[in-house]
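>>> After the sequence you'll find the predicted model.
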Amino acid sequence: MTGTDQATVTRGLPAAVGRLLAGVPLLGWLLGFLAAVLVERTIGDTLAQTLGLPKMPVLFGILTVSKVIAEIINAVVKNTAFDPALLVHIPAALVYLSVVYLLPIAAVARLGARAANRAAAIMDRWNLTIPAAVHIGLMYLTLHIWAAMSDYRLITLKITLIAVLLTLSLNIINGYMGEFSCSHPGFMAVGAYMSSLFTVGLFVDDKVLGKALMPWALDFLTFPLALIFGGICASVAALLVAIPSFKTRGDYLAIISLAFLFIIKSLFENLQGLGGARGIAGQPDWAALPVIFVVVGLGIWSINNFVTSTYGKALNAVRDDELAAEAMTVNTRQAKMTAFLVGAFWAGIAGGLLAHVVRYINPAMFGIQKLAEVLAMVYFGGLNSVYGSIVGAVSISLLGEALRPLEILKWIIIPLMLILVMIYRPTGLVAFRDFDLREAMKPKTEPGQRK
Amino acid sequence: MSLNFFMQNLINALQWGSFYALIALGYSMVYSILMLFNFAHGDIFMVGAYIGLGVSLVLLKVVGTGAAALVPGWVVLVATILISMFLTAFVGIIVERVGYRPLRDAPRASAAITGLMIGIILETSNILFLGGQRLAFPQLIESRTYNIGGIFITNKKIMIVVVSIGLMLALHQFVTRSRWGMAMRAMAYDFVVVPLVGVPLNTIAVMTFAIGSALAAAAGILFGLSYPVLDPYMGVSFGWKAFVAAILGGRGSIMGACIAGFMLGFIEIMTVPGIQIINRLFALNIGSNLRDLIAYSIVLAILIFRPHGLFGEPYSAKLRL
């Protein structure tokens, strides 16, 4: 289950590259990414033109490749005209990927490994806040420059970050506590609606919610309040699932949570005061990238603290054996209640963020489809693991975007991948891994070099 | 609110209940053997309806339509139901082989995810091969309306209820009287020890999937007869509602699934006149589109007071994660 069963390849080119890059600390990788992004910013457009690409590949060239594949499939199936010149795009995208991303990252990471290790070793002695601030700052800088190059990247990045928060909050209930909760889109809907009610109702003239109640020049400062309001409302709604969970477990709780989802969706469809089936539009554009980054960062930090605290361990105990946990003085009711409330709170915040990114919500956005998506992210990434949630959310949402040109085929490829993951790693890709910031930022020892 | 109106709604409720009950049986049988829910079952219902459409179109082409037909419509209908049940059983077998057998020892939630994903694949392949537009189901028998004491009943409604109850009774006979049925009951009792005395787990699992899928196909064709428009996502809402019925009846209980299926149909149909009565009594103005909300609230209330469903065993087994 843990990292012990990793395959160890000792020969061949991948192993050589792996040995070469094994001694690079997180700081080195971040610097490498920053270098790659800066390279793309300076020469990206020119390089794309030289390689014959129509424009700069937005998602590492995967999107370009899948566009070409989609054209080929169309040509075969529907007999549309296929321009063989398009085939050049595939090697061009690969060259672009290696020149702009792989080479700079590897070069900077390898060449700067020694300096980065030294810096990491120095920072390791300090209070955790300083190295954490340095790493997170570097990460934000990289993402900001990367996303600033195209609007498409920006919106993809925002949605991906929100998906990470949502997946993590579901992992508390489904992974750490081991229940199969289907109510998460419902919590998200409550958060989205309530935060929209707050922002649109108070500060924006709207057809559905009427005139702004208290227009204010500095209204954007209240955005955190709106998000927290949405989160708290989602928590209160979660009581409807949390209280039955005292007596009910397993499949019956799954059905209660599913009924909750249907009820919430039906409620919002019928509340004409909240726009009914048409929903609310015109949320103010406050969810900028830094805001989302900070909120998601806070979410990861607090959820990680929660699951590694005694509360989190109590959840694991409840999952593994409720009776034994109770005998060991774990207050199972309190544990279940906190898990649902915390999970729903962050799901509500994710919903509030989503409402202000898309700037339009309706009940149909929070249905069974959304449920399947979130469950896929949790189980693909890995149960009981913060890393897993991040991996699952990022890979599924990026894959969803990158395979978009394949249209309907996308919905065969992603489920098939998930089935394969379930068959070969039934608990997900990186399940049961603890997330330790200090451990992640530690300097690495070079292979062959003593500690 | 007259008695006639009530009876009229009761008949509609019986009709909807038959669909739910037939699909819920599939969930419940698989649960009783493997202790997990086959989340692709709703989409197997959809596939069954489409297979029924294909089979009936082929049969109609062979025997001809209208006055020139070689055999009357009901013969074609019976043949369609039987052939489609047979064919859809293989869909269920494939789903078991691909999605569930490799995960026999995995956590239950993983199998639930594979089921969901197989469902998505079935929907998508349908759109891919049939183009995604809605298709009309051929009307195999002529619709006649009988007026019994002011209650209007079509022959289709009678047929749907009779056929579904007949299938349920046949299933009951099979499970209680035959050797295979005995093996299934034994397996449901303990799927660890019973294979040790020589009952093959895989064969029984395949059989449950096949029977459940065949019943879903029958439900799909009956649905196509009364609401003759098929679309690729029709299995989603029906599947989840039948899943609710299967849980409401108690996991793994065949009788529970039937009764809860009819009950769910009853709740869904009766909330609309119920809302009308309440509106009239208390001079309120509750919209009748709150149907789903009220129906699920009732389900929620039942489950809070009877957490193991109507006919299920109280929950005792330890979760496998």
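Perfect, thanks for sending it.
>>> ok, residue B:63 touching residue B:73?
No - Residue B:63 lies out of contact with residue B:73 (Cβ atoms under 8 Å); the separation is 9.6 Å. (C-beta placed from N, C-alpha, C; glycine too.)
>>> Need the distance between the two termini of stretch A:391-410.
19 Å (Cα to Cα, to the nearest Å).
>>> Tell me the residues on the stretch 301-450 of chain A that lie near chain B, please.
Within the stretch 301-450 of chain A, the positions near chain B by Cβ under 8 Å from any Cβ of the partner chain are A:319, A:321, A:368, A:372, A:375-376, A:379, A:383, A:408-409, A:411-412, A:415-416, A:418-419, A:422-423, A:426-427.
>>> Now with 6 Å, please.
Counting by Cβ under 6 Å from any Cβ of the partner chain, the stretch 301-450 of chain A comes close to chain B at A:372, A:379, A:408, A:411, A:412, A:415, A:418, A:419, A:422, A:423, A:426.
>>> Which one (most neighbours) among those residues?
residue A:379 (32 neighbours; other Cβ atoms under 10 Å in any protein chain shown).
>>> State the distance from it to residue A:311.
Residue A:379 sits 23 Å away from residue A:311, going by Cβ to Cβ, to the nearest Å.
>>> Residue B:93 too?
Counting by Cβ to Cβ - residue B:93 and residue A:311 are separated by 45 Å.
>>> Name the helix or strand for residue A:236, please.
Secondary structure assigned from DSSP states H and E places residue A:236 in helix A:223-242.
>>> got the contact list for that helix?
Outside helix A:223-242, the residues within contact range by Cβ atoms under 6 Å, 6 or more residues apart in numbering or on different chains are A:183, A:187, A:190-191, A:194-195, A:198-199, A:257, A:260, A:286, A:337, A:340-341, A:344-345, A:347-349, A:352.
>>> Which ones among those residues lie within helices?
Among those, the members falling in helices (DSSP state H) are A:187, A:190-191, A:194-195, A:198-199, A:257, A:260, A:337, A:340-341, A:344-345, A:347-349, A:352.
>>> Drop anything exposed from the residues you listed.
Buried subset of the ones in helices among the contacts of helix A:223-242 (neighbour count, 16 or more other Cβ atoms under 10 Å in any protein chain shown): A:187, A:190-191, A:194-195, A:198-199, A:257, A:260, A:337, A:340-341, A:344-345, A:347-349, A:352.
>>> how about residue A:403, phi and psi?
phi -90, psi 10 (degrees, to the nearest 10).
>>> hmm, I was thinking of residue A:280
Per degrees, to the nearest 10, the backbone of residue A:280 is at phi -110, psi 140.
>>> mind checking how far residue A:335 is from chain B?
Residue A:335 sits 15 Å away from chain B, going by Cβ to the nearest Cβ, to the nearest Å.
>>> Next one: the residue positioned nearest the centre of chain A relative to residue A:178, how far apart?
Among the residues of chain A, the one closest to the centroid is residue A:164, at 2.1 Å (Cα atoms, centre = their mean). Counting by Cβ to Cβ, the gap from residue A:164 to residue A:178 is 21 Å.
>>> circling back: among the residues of the stretch 301-450 of chain A next to chain B, which are in helices?
Using DSSP H, those in helices are A:372, A:379, A:411, A:412, A:415, A:418, A:419, A:422, A:423.
>>> Tell me which residues touch the third one, please.
With contact taken as Cβ under 6 Å, 6+ apart, residue A:411 is in contact with B:120, B:124.
>>> Go through the strand or helix carrying residue B:219 and flag the buried ones.
Taking DSSP H and E as the criterion, residue B:219 maps to helix B:201-226. For helix B:201-226, burial by neighbour count (16+ other Cβ under 10 Å) applies to B:201, B:204-226.
>>> Can you tell me which helices and strands that helix packs against?
The contact analysis (3 or more Cβ pairs under 6 Å, 6 or more residues apart in numbering or on different chains; DSSP states H and E) places helix B:201-226 against helix B:3-34, helix B:41-63, helix B:73-95, helix B:155-177, helix B:179-189.
>>> average pLDDT for that helix?
Predicted confidence along helix B:201-226 averages 92 (mean pLDDT).
>>> strand partners of the helix or strand just after it, parallel vs antiparallel please.
Using DSSP H and E, the helix or strand that follows helix B:201-226 in sequence is strand B:229-230. Applying DSSP bridges, strand B:229-230 is found paired with strand B:135-136 (antiparallel).
>>> For the stretch 101-250 of chain A, what lies in contact range of chain B?
A:178, A:180, A:244, A:247, A:248, A:249, A:250.
>>> can you do 8 Å?
Near chain B, when you scan the stretch 101-250 of chain A using Cβ under 8 Å from any Cβ, you find A:174, A:178, A:180, A:240, A:244, A:247, A:248, A:249, A:250.
>>> Tell me which of these fall in strands.
Among these, no member falls in strands (DSSP state E).
>>> Adding mean neighbour count, mean pLDDT and distance to chain A, write the helices and strands packed on helix B:201-226 out as JSON lines.
Compiled in JSON lines, those are given as follows (neighbours: other Cβ atoms under 10 Å in any protein chain shown; pLDDT from 0 to 100; distance: least, Cβ to the nearest Cβ, whole Å):
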{"stretch": "helix B:3-34", "mean neighbour count": "23", "mean pLDDT": "88", "distance to chain A": "8"}
{"stretch": "helix B:41-63", "mean neighbour count": "23", "mean pLDDT": "91", "distance to chain A": "10"}
{"stretch": "helix B:73-95", "mean neighbour count": "20", "mean pLDDT": "91", "distance to chain A": "11"}
{"stretch": "helix B:155-177", "mean neighbour count": "16", "mean pLDDT": "91", "distance to chain A": "21"}
{"stretch": "helix B:179-189", "mean neighbour count": "16", "mean pLDDT": "86", "distance to chain A": "15"}
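>>> Export those as JSON lines, with columns for distance to residue A:28.
Putting those into JSON lines (distance: least, Cβ to Cβ, whole Å) gives the following:
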{"stretch": "helix B:3-34", "distance to residue A:28": "49"}
{"stretch": "helix B:41-63", "distance to residue A:28": "48"}
{"stretch": "helix B:73-95", "distance to residue A:28": "47"}
{"stretch": "helix B:155-177", "distance to residue A:28": "64"}
{"stretch": "helix B:179-189", "distance to residue A:28": "56"}
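>>> Check the secondary structure at residue A:126 for me.
Here residue A:126 is coil, with the state taken from DSSP: H, G, I helix; E, B strand; the rest coil.
>>> Give the burial count for it, as a bare number.
10.
>>> if I look at it, how far off is chain B?
Residue A:126 is 40 Å from chain B, by Cβ to the nearest Cβ.
>>> Give me the phi and psi angles of that residue.
Backbone geometry at residue A:126, expressed as degrees, to the nearest 10, gives phi -80, psi 180.
>>> which residues sit in contact with it?
If a contact means Cβ atoms under 8 Å, 6 or more residues apart in numbering or on different chains, then residue A:126 has no contacts.
>>> If we use 10 Å, what do you get?
residue A:134 (Cβ atoms under 10 Å, 6 or more residues apart in numbering or on different chains).
>>> Most remote residue from the middle of chain B, which is it?
residue B:283 (38.0 Å).
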